[in-house]
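Peer 1: Here is the input, now give the coordinates:
(one chain, ligands or ions: 1)
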Amino acid sequence: MQSLKDLMSKIDIVDVIGSYIDLKRSGSNYMARCPFHPDDTPSLSVSPSKGIWKCFGCGVGGDAVKFVAMYEGISYREALIKLAEKYRIPIKLKTTKDEKIFLIMEEVANFYHQQLKGNERAKEYLKFRKVPSAMVERFMLGFSPSTEKLLEFLSTRGYLNEYEKTGNLYKYKDGSYRDIFLERLIIPIRDAKGRLVGFGGRTISDAQPKYINSPESSVFKKASVLFGLWQAKDYIREKQVAYLVEGYFDVIRMHSIGLKQTVAPLGTAFTQEHAGLLSRYAKRVILVFDGDEAGKKAVRTAASHLLSYGIEVFVCYLPEGEDPDSMGERDPKALENLINGAKNLFDLLIEEDNLKEYVYFAGFLQDGILKHELLTKLSRAKNIPIDSIYSMLPKKTQKKESSHGLSYYEKVFLIGLYRLKPKDVDLRLLNLSPEAMLLAEEILSGEEDLPDFLQNERIPNLEEAFRFALENLKIEKKSVSLRSLRKRFSEL
Ligand SMILES: [Zn+2]
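Peer 2: Next up is the predicted model:
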């Protein structure tokens with residue numbers, strides 16, 4: 001948010017606050033009677049060099065925007081807009097994605113779905129893959145028979161320009177288009193909120209490649225979407241267990257035989273973000289993968305990400321030549337039994353006598369107690385001194401901090417505000433950056449979900465961390481004497 005930084009740097013706090021109340025110079029600062037509590041002696045101090053103000057009487061304070069918000073009884077967001085107008089700085093505050101594109105995608109999915117119903121070849125293909133019609137409806141599967149029909153559909157509704165931006169249409173130099181999903185079975189892809197963000201396309205002939213996906217865009221990020229999560233999340237939440245498979249048709253088959261907690265990445269590797277997403281719903285994830293080399297490699301990647309989020313990892317390797325789709329179709333009961341017999345990753349590695357991998361995976365656990373328990377277990381099982389096991393642990397790799405302009409305490413505060421829903425938080429008493437202030441207001445209004453970069457942050461013992469962050473964000477603690485407050489403030 002560059003414009004927000006521009007605005008904050010242009011705001012003259014003395015000018016802003018001075019337009020509401022009388023300010024008197026006092027050294028390098030300004031003092032005034034506080035308008036927020038009955039104040040006989042000037043208790044409110046303004047520091048032009050720091051761009052902040054605070055009251056030594058009632059403990060409120062913040063930046064110029066916050067003063068305007070409190071004085072006028074408006075939100076921080078409204079005060080920002082007001083100041084942006086005053087200083088003639090255009091700011092774009094709403095960063096939520098364009099809702100319109102989701103609606104257009106939804107209508108296009110429905111168009112494809114209707115096309116499927118009238119297309120014999122597509123229906124024949126679904127019969128061949130033994131996809132039950134209930135699943136065609138549940139996942140709103142579709143088919144693209146002709147670019148012309150799609151263009152006509154888009155044009156008559158005035159969607160063409162907007163839809164073109166998704167990259168789902170290929171535009172030739174002469175200005176004509178081609179539906180990139182032409183002659184393909186369409187698999188609509190929804191994010192966790194149910195919004196239609198992209199499509200998967202499976203050829204029904206011998207055309208290559210077998211699968212294509214919508215290109216990445218501002219609304220479609222493959223690394224942070226799991227296919228089937230929207231349909232599965234209530235079941236996952238209920239059982240606290242998710243099944244992870246590899247392909248679209250695996251998900252569809254599993255749902256069709258009643259294993260409705262199943263999700264898959266979009267034909268790409270399982271990412272850290274996927275793990276963060278699942279950690280919101282599941283305590284345990286069962287990986288239902290092929291037992292071949294590729295499957296084992298996929299387990300390794302997925303397990304490391306899941307463990308780093310404190311999710312228990314269970315593994316279920318399928319017999320050679322089978323995938324969840326084929327096996328679930330042939331013998332659903334056998335597949336279910338196999339999944340129910342899935343083994344904890346660490347138990348499996350002890351059985352396989354794979355010490356190196358055991359320690360490698362233990363290294364991803366953030367919970368020190370659990371890590372110690374697991375390593376002790378290995379030490380006993382294999383009769384190896386615990387010290388030498390610890391020495392095998394990989395060097396701690398620090399997770400990259402994406403700051404997004406927020407401090408650590410601000411992040412913990414916002415996550416706690418969202419997840420713990422505390423009743424007694426007074427933003428006026430907290431020292432928050434404009435970014436954090438805007439997010440806090442949104443969370444308190446209940447309008448917005450946490451942004452993804454915060455959703456995926458894992459804070460162990462959130463309640464305690466939240467309380468600690470809150471203390472650290474307080475402008476001042478009440479118990480401190482006025483004199484020492486003044487002294488501290490002048491040192492700021
Ligand atoms: Zn005051």
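
Peer 1: Count the neighbours of the residue nearest to residue 382 when sequence neighbours are not counted for me.
Peer 2: Sequence neighbours aside, residue 355 is the residue nearest to residue 382 in space, at 6.5 Å (criterion: CB to CB, 6 or more residues apart in numbering). The C-beta positions use only the backbone N, C-alpha and C, and glycine is treated the same way. When neighbours are defined as other CB atoms under 10 Å, residue 355 has 16 of them.

Peer 1: and what of the one 5 residues further on?
Peer 2: Neighbours of residue 360 under the rule other CB under 10 Å: 17.

Peer 1: Now do the SS call for it.
Peer 2: Following DSSP: H, G, I helix; E, B strand; the rest coil, residue 360 is assigned to helix.

Peer 1: Might you report the residue contacts of the nearest residue to it once chain neighbours are set aside?
Peer 2: Excluding the flanking residues, the one nearest residue 360 by CB to CB, 6+ apart is residue 394, at 6.6 Å. Shown in contact with residue 394 (CB atoms under 8 Å, 6 or more residues apart in numbering): 359, 360, 363.

Peer 1: Now render these as CSV, adding distance to the ion and pLDDT.
Peer 2: CSV is the format used below for these (distance: CB to the ion, whole Å; pLDDT from 0 to 100):
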residue, distance to the ion, pLDDT
359, 57, 93
360, 56, 91
363, 51, 90
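
Peer 1: Just the CA atoms from the helix or strand containing residue 300 would do, formatted as PDB, please.
Peer 2: Assigned by DSSP states H and E, residue 300 belongs to helix 293-308. Only the C-alpha atoms of helix 293-308 are listed here, as PDB (Å, rounded to 0.1, in the frame of the first residue of the first chain):
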ATOM      1  CA  GLU A 293       8.400 -43.500  -6.100                       C
ATOM      2  CA  ALA A 294       6.400 -40.400  -7.100                       C
ATOM      3  CA  GLY A 295       3.900 -41.100  -4.300                       C
ATOM      4  CA  LYS A 296       6.700 -41.400  -1.700                       C
ATOM      5  CA  LYS A 297       8.200 -38.200  -2.900                       C
ATOM      6  CA  ALA A 298       4.800 -36.500  -2.600                       C
ATOM      7  CA  VAL A 299       4.400 -37.800   0.900                       C
ATOM      8  CA  ARG A 300       7.700 -36.400   1.900                       C
ATOM      9  CA  THR A 301       6.800 -32.900   0.700                       C
ATOM     10  CA  ALA A 302       3.300 -32.900   2.100                       C
ATOM     11  CA  ALA A 303       4.400 -34.300   5.500                       C
ATOM     12  CA  SER A 304       7.000 -31.700   6.100                       C
ATOM     13  CA  HIS A 305       4.600 -28.900   5.600                       C
ATOM     14  CA  LEU A 306       1.800 -30.500   7.600                       C
ATOM     15  CA  LEU A 307       4.100 -31.300  10.500                       C
ATOM     16  CA  SER A 308       5.300 -27.700  10.700                       C
END
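
Peer 1: Off-centre distance for whichever helix or strand comes after it?
Peer 2: Sequence order places strand 312-318 as the next helix or strand after helix 293-308, per DSSP H and E. Once both centres are worked out by CA atoms, centre = their mean, to the nearest Å, strand 312-318 turns out to sit 24 Å from its chain's centre.

Peer 1: Next, the buried residues of the following helix or strand past strand 312-318.
Peer 2: Following strand 312-318 in sequence order, the next helix or strand is helix 324-330 (DSSP H and E). Using 16 or more other CB atoms under 10 Å as the test for burial, helix 324-330 gives 324, 325, 326, 327, 328, 329.

Peer 1: what's the answer for stretch 460-470, then?
Peer 2: Buried, per 16+ other CB under 10 Å, within stretch 460-470: 465, 466, 469, 470.

Peer 1: on contacts alone, who are the packing partners of the helix or strand containing the first one?
Peer 2: To tie it back to what came earlier, the one meant is residue 465. Assigned by DSSP H and E, residue 465 falls within helix 462-473. The contact analysis (3 or more CB pairs under 8 Å, 6 or more residues apart in numbering; DSSP states H and E) places helix 462-473 against helix 408-420.

Peer 1: Tell me which helix or strand comes right after the helix it packs on.
Peer 2: As assigned by DSSP H and E, the chain's next helix or strand after helix 408-420 is helix 434-445.
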